[in-house]
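Novice: sequence-free structure coming up:
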């Protein structure tokens, strides 16, 4: 993965396996071996869907409640980002684009209803560009992010090396470690990019 990331011009990678946190020693060894930025996070299955976290260095296996997760991230100064928020609800995404308003544009009613979900008030960002998501899902997620005033990240969600780097997050300042990444997410100094469709 790291070799592929270097070859496509990335400056670093984040490892976010499901319900698993990485030991600092493992991350440091990878970083040193490849002379490349590696940051460990986790993708946690919660009552609100999959949430990416950075800054949490304890077991996450018993955490399912998203509000409990928020409390833990607040305690450790970390961040939480909802991953591919609408992957499990393709009907919602399709119905949004199918519902035409008077001006021929998709209906805002669906967007506004989704925007009232409680989970958006406890997140630091939404993953708007995901390497496993299609155009409509990405477009809908971007609209929801704007509706709820959350910045959007990008992630390849790569399960094989070929997918590494098809979506990524661009930071306004250099990221040298986990704390830099967290600080820039908290300050909103980033945006998600989808290299497949160049936006």
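Specialist: Good, I have the coordinates. Since the structure is predicted, the reported quantities are computational estimates derived from the model, not experimental observations.
Novice: for this protein, longest helix please?
Specialist: Of all the segments of type helix in the chain, defined by DSSP state H, the longest one is helix 135-147.
Novice: can you tell me the centre-most residue of the chain?
Specialist: Central residue of the chain (C-alpha atoms, centre = their mean): residue 127, 3.5 Å from the mean position.
Novice: which other helices and strands contact the one helix or strand it maps to?
Specialist: Mapping residue 127 onto the secondary structure by DSSP states H and E places it in strand 125-130. Contacts defined by 3 or more C-beta pairs under 8 Å, 6 or more residues apart in numbering; DSSP states H and E place strand 125-130 against strand 79-82, helix 135-147, strand 152-155, strand 167-171, strand 190-194. For the C-beta atoms, the positions are set from N, CA and C on the backbone; glycine is no exception.
Novice: angle of the second one against strand 125-130?
Specialist: Read that as helix 135-147. Using axes from the mean of the first three to the mean of the last three C-alpha atoms, to 10 degrees, the inter-axis angle of helix 135-147 relative to strand 125-130 is 160 degrees.
Novice: how about the contacts made by residue 148?
Specialist: Under the criterion of C-beta atoms under 8 Å, 6 or more residues apart in numbering, the contact list for residue 148 reads 115, 120, 126.
Novice: any chance of the backbone angles for the residue lying closest to the second one once chain neighbours are set aside?
Specialist: When you say that, I think you mean residue 120. Closest residue to residue 120 in three dimensions, ignoring its sequence neighbours and counting by C-beta to C-beta, 6 or more residues apart in numbering: residue 148, at 4.2 Å. For residue 148, the backbone dihedrals (degrees, to the nearest 10) come out as phi -100, psi 10.
Novice: make residue 1 into 741 and carry on from there
Specialist: Sure, I'll start numbering at 741, so the last one becomes residue 888.
Novice: how far away is residue 888 from residue 881?
Specialist: Counting by C-beta to C-beta, to the nearest Å, the gap between residue 888 and residue 881 amounts to 11 Å.
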